[in-house]
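Student: Here is a sequence with its predicted model. Questions after.
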Amino acid sequence: MTVFEFISKQPGERQKLFREIHEIIIREDKNVKADIGPMMGKEMIIYNAPGTFKYGLASVKSHMSLHLLPMYVSPKLYEKFKELLPDANFQKGCINFKNGHEVPLKIITAEKKMIRCFIFLELLNKDI
């Protein structure tokens, strides 16, 4: 199944948001390739950079999820996203949301810049 077939199988109200998030990820992170595959017991769009998982986009009955490996490994980035997205629900490495209001696209667009910044700051603060 292709990414666009996967998106077209989502409920109508989710298709536009999925398409927009997918386009943002592909546009903002030129290193990833999108495929459909299983993760955490469900099929989702998986975005891999060479040799590593970076993002996942899933749809379940009650919500959608954006999985972010950079957020999983950076507590500071996790806290920043929680601050920026007060209406979304968070797990350690993902943002769960029901609609575009809970996860505004401008935040997703800014994600790449924030991730670079926070990882750089964490590296500076580590004892090497």
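Tutor: On my side now, so go ahead. Numbering: from 1, shown residues only.
Student: Tell me which helix or strand comes right after the host helix or strand of Lys16.
Tutor: Assigned by DSSP states H and E, Lys16 belongs to helix 12-28. Downstream of helix 12-28, the next assigned helix or strand under DSSP H and E is strand 33-39.
Student: can you list the weak-confidence ranges in this protein?
Tutor: 104-128 (pLDDT under 70).
Student: any idea how far Glu20 is from the residue nearest to the spatial centre of it?
Tutor: Note on the chain: the residue nearest the mean C-alpha position is Leu66, at 3.6 Å, using CA atoms, centre = their mean. Counting by CB to CB, to the nearest Å, the separation of Leu66 from Glu20 is 12 Å. Every residue, glycine included, has its C-beta placed from N, CA and C.
Student: Ok, Val32 next?
Tutor: 16 Å.
Student: Who has more neighbours out of these two?
Tutor: Val32 (18 against 14; other CB atoms under 10 Å).
Student: who's in contact with the nearest residue to that one once chain neighbours are set aside?
Tutor: The spatial neighbour of Val32 that comes closest, neighbours along the chain excluded (CB to CB, 6 or more residues apart in numbering), is Tyr47 at 4.1 Å. Tyr47 sits next to Ile25, Asp29, Val32, Lys33, Ala34, Phe53, Lys54, Tyr55, Gly56, Leu57 when contact means CB atoms under 8 Å, 6 or more residues apart in numbering.
Student: The fifth one bridge partners, please.
Tutor: The one in question is Ala34. Taking DSSP bridges, one obtains Tyr47 as the residues bridged to Ala34.
Student: Can we start the residue count at 862 from this point?
Tutor: Sounds good: first residue 862 from here, last item Ala895.
Student: my guess is it contacts Ile907, does it?
Tutor: Yes: under the criterion of CB atoms under 8 Å, Ala895 makes contact with Ile907 at 7.1 Å.
Student: Mind listing the shared neighbours of those two?
Tutor: With the criterion set as CB under 8 Å, 6+ apart, the contacts of Ala895 and Ile907 do not overlap.
Student: hmm, back to that, Produce a PyMOL select command limited to the buried residues of the contacts of Tyr908.
Tutor: To isolate the buried members of the contacts of Tyr908 in PyMOL, using 16 or more other CB atoms under 10 Å:
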select buried, resi 886+893+895+915+916+917+918
